[in-house]
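Student: give me coordinates for this.
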Amino acid sequence: MNTTTRTVSQIIRAHTLTYFNLLNVILAGFILISGQYKNMLFMGIVISNSLIGIIQELKVKSLIDQLSVITATKAKKVINDGQIVEIPIEDLVVGDIICISTGDQLVADGEVQSSEGLEVNESLLSGESVPVLKKPGDILYSGSFVVAGTGTGKVTHTGEDSYAVQLVQKAQSKRRATSEMQDAINRIIHYVSYAIIPIGIALFCIQYFRAGATLSNALVNTVAGVLGMIPEGLVLLTSVSFILGVGRLARKRALVQEMEAIEALARVNVLCLDKTGTITTGELTVKEVIPLNATMDDLTEVMDSMAFAFTETNSTSKALQQYFHDTCPLAITESLPFSSSRKFMGISTASGHFLLGAPDFLTKDTTVLEQAEIYSRQGLRVLLLGSCPELYRTPESIKDFHCMGLLILSDDIKEDALDTFRFFAKQGVSVKVVSGDAPATVSYIAGQAGIPGAEDYVDATILPEDPEALKELVPKYTVFGRVTPEKKQAIIHAYQANGDIVGMVGDGINDVLALKDSDCGIAMANGADAAKQTAHIVLMDSNFASMTNIVKEGRTTIANIERVSALYLTKTIYSVLLCTIFIIIGKSYPFIPIQLSLIGAAAIGIPSFFLALEQHEEPTSSGFLRHVLQISLPAALLLSGCICAIQFLAAPLHMNDLLIRTLNLLIGGVISLGVVVRVCHPFTKRRILLLLCICIIFAGALLFAPHFFGVMSIKDFIQVISLM
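Tutor: Purely as a prediction, here's the structure:
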């Protein structure tokens, strides 16, 4: 299973061998050439950042690896005496015989040896979602998954030789979890990366050739300008926050397979889910058997055979096997396993052919359908049993069907369902139920669970195929019944086309396509292998109610990152502005690296560390860059404007260089601390204490080490100001 973890060497390389670290080393080299070694203080911060990132990710790695073992994909290998044992997929070798059944994802290429109605969905490889019936001798491709039936296969290719690996860009391709924040940060880094080198060269030329600075001072001023543009702290903050978020979610028994999924889940505003296992317990029981055009004895005789005709098990088959008896009075000559696409299963015997499934997929008899609808409106699941002249394989092919009886099944609502859906309603998340059951049944159960708008339901079979038409219709409904896997996928696409961030919760093989294309797919650990492989997050306790804690954790992580990102972007923006302005006016850059290190530590590094670790949940909406710029852009413009004003007032007021540098640092520090005050709103005792501490650090540096930071002492500064 793919997880967020990397090897130890990969982790070390990821936090050390970066573009910005290389740039910092080059800048440190220039400081060495200048001889002003105190301005290399920024390298201490760079090294500390890398160490923090490495240590935090290594801690989380050990925890995630433990969870990954639980959900790791295994193969069911047949050994010599016919016994079946589970082995890790990496232990498979060519020639092994493996057993496969509904819900399994194929882990190696192979050849079908035996098949009992084996149907395979190869959409993750070919894009074609129609299941393929596999017979002995047919090829099995890794990356595809079994939607019906059972069988065995002989392994022909494994690992790097398999078809899925060779087509890695297409095979098993799932939509990556949406990360608006990382996309925005990457765009900023992209633009800054291109701007740094030409701006740095131009700034050095202006300092050395026009402003008349010495080589040493020109190098130091240039390093200061370029250093301020580098948002390496923002990259570290995002990375470490995601890593810590993954670790905290792991402790809540949620395995995050893509770090970006934390943000995607935090921003989800439409959550699609199946009824079974989320709203209800998933443990079905047969409540009643109603004969129609057959005697109870005839009906029981057929069901005593059909209930035990298939090797794969699900909640429906378990309920049927508990109610009926394993007498198998009819000799079965052919079987058709249940498929979520066709909504029925069937058997062929010497006395006839029989189908069992959703009434509206098997018959058009209005009397039978109306009777089934009565039970459906009570939240009960209804199956129709009937005979036919042949074993039809698709609903469209059914031409003659004789109704024998109705089977009524019930499923209990989970005790914590009401609280769970109440939480999502308060968070502004619209819950949509997409189920293969009858829409009236699903609507009733959704209403009992407290889902708002549960009365707005639709039969998905009548929904249009046209994406534009579907896009217009989906906002009108909360419950979608009789949904096929392909229609689930289309519904996900329709909500996304309307600009929604869509989460999908599922555990079955019929959920795979929707999980694959959702912004954030969440699977249950006790679900199908294919569902777990496709999802971005796996709930290890298989409890939908735990989603509340996971969403809270995700929103906390993202809200904290958004808050402190303004601190870093303020510095980047005003550094770019000041570099550009001072290149144009041909004057020395207003800061030196040691001063920026002080501002960075007091107004960025220390507060961001504490704010990013807060456990304070806040609603998170889209518009990361807009939210951040609302704080950082005005502050950067104000700081740049004040620094420029000092430069133009210097001559009329007869300011010397030391006074100018002192005023620059005071202005830069005060405005940067003002940004911290802004992001700390609303104030708490913890945040007020943080503000007091960083103000003391900044003021203490100026009081006790003014010459180290290249500014006047407070006494000299007051004297000069009083004489002006």
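Student: which residues are contacting stretch 663-679?
Tutor: 563-564, 566-567, 570-571, 590-591, 595, 598-599, 602-604, 607, 611, 631-632, 635, 638-639, 642-643, 646, 655, 691, 694-695, 698, 702, 709-711 (CB atoms under 8 Å, 6 or more residues apart in numbering). Placement of C-beta: from N, CA and C, glycine included.
Student: for ChimeraX, write the select line for the buried members of those residues.
Tutor: Selecting just the buried residues from the contacts of stretch 663-679 in ChimeraX takes one command, with 16 or more other CB atoms under 10 Å as the test:
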select :563,564,566,567,570,571,590,591,595,598,599,602,603,604,607,611,631,632,635,638,639,642,643,646,655,694,695,698,702,709,710,711
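Student: neighbours around the closest residue to F708 other than its chain neighbours, how many?
Tutor: Nearest residue to F708, sequence neighbours excluded (CB to CB, 6 or more residues apart in numbering): K38, at 6.6 Å. Using other CB atoms under 10 Å as the criterion, K38 is surrounded by 13 other residues.
Student: now swap in I26 and tell me
Tutor: When neighbours are defined as other CB under 10 Å, I26 has 12 of them.
Student: what do you get for E415?
Tutor: 9.
Student: that one in helix, strand or coil?
Tutor: coil (DSSP: H, G, I helix; E, B strand; the rest coil).
Student: per-residue confidence at it?
Tutor: pLDDT, E415: 83.
Student: how about it, phi and psi?
Tutor: phi -60, psi -30 (degrees, to the nearest 10).
Student: which residues of the stretch 51-200 of the chain fall in strands?
Tutor: 74-78, 84-88, 97-101, 109-121, 132-133, 139-140, 145-157 (DSSP state E, counting those that start in this stretch).
Student: quick check, pLDDT for the residue nearest to M296 when sequence neighbours are not counted.
Tutor: Leaving aside its sequence neighbours, M296 sits nearest to V289 (CB to CB, 6+ apart; 7.1 Å). We have a pLDDT of 95 for V289.
Student: equivalent analysis for L124, please.
Tutor: Here the pLDDT value assigned to L124 is 57.
Student: for this structure, longest helix please?
Tutor: helix 547-585 (DSSP state H).
Student: can you list the low-confidence ranges for the stretch 601-724 of the chain?
Tutor: Low-confidence segments of the stretch 601-724 of the chain, defined by pLDDT under 70: 615-622, 724.
Student: what sits against I196?
Tutor: So I196 contacts L23, V226, M229, I230 (CB under 8 Å, 6+ apart).
Student: so which strand or helix has the nearest residue to A602 once chain neighbours are set aside?
Tutor: Leaving aside its chain neighbours, A602 sits nearest to F698 (4.2 Å; criterion: CB to CB, 6+ apart). Element membership of F698, judged by DSSP states H and E, is helix 685-704.
Student: which strands and helices sit next to whichever helix or strand comes after that helix?
Tutor: Tracing the chain past helix 685-704, the next element assigned as helix or strand by DSSP H and E is helix 714-723. If you count contacts as 3 or more CB pairs under 8 Å, 6 or more residues apart in numbering; DSSP states H and E, helix 714-723 packs onto helix 657-679.
Student: and the angle from the helix it packs on to helix 685-704?
Tutor: Relative orientation of helix 657-679 versus helix 685-704 (axes from the mean of the first three to the mean of the last three CA atoms, to 10 degrees): 180 degrees.
Student: list the buried residues for helix 657-679?
Tutor: The neighbour-count check on helix 657-679 (16+ other CB under 10 Å) flags 658-669, 671-673, 675-676, 678-679 as buried.
Student: let me know the pLDDT of the most centrally placed residue in the chain.
Tutor: By CA atoms, centre = their mean, the chain has its centre lying nearest to A261, at 1.8 Å. Looking at A261, its pLDDT stands at 82.
Student: and it, what element?
Tutor: Element membership of A261 [criterion: DSSP H and E] is helix 260-267.
Student: what residues does that helix touch?
Tutor: 176-182, 242, 245-246, 249, 256, 501, 503, 519-520, 522, 536-537, 550-551, 553-555, 557-559, 620-622.
Student: any of the residues you listed buried? List them.
Tutor: The buried subset of those - by 16+ other CB under 10 Å - is 177-182, 242, 245-246, 249, 256, 501, 503, 519-520, 522, 536-537, 550-551, 553-555, 557-559, 620.
Student: which of those residues fall within helices?
Tutor: Per DSSP H, the buried ones among the contacts of helix 260-267 map to helices at 180-182, 242, 245-246, 249, 550-551, 553-555, 557-559.
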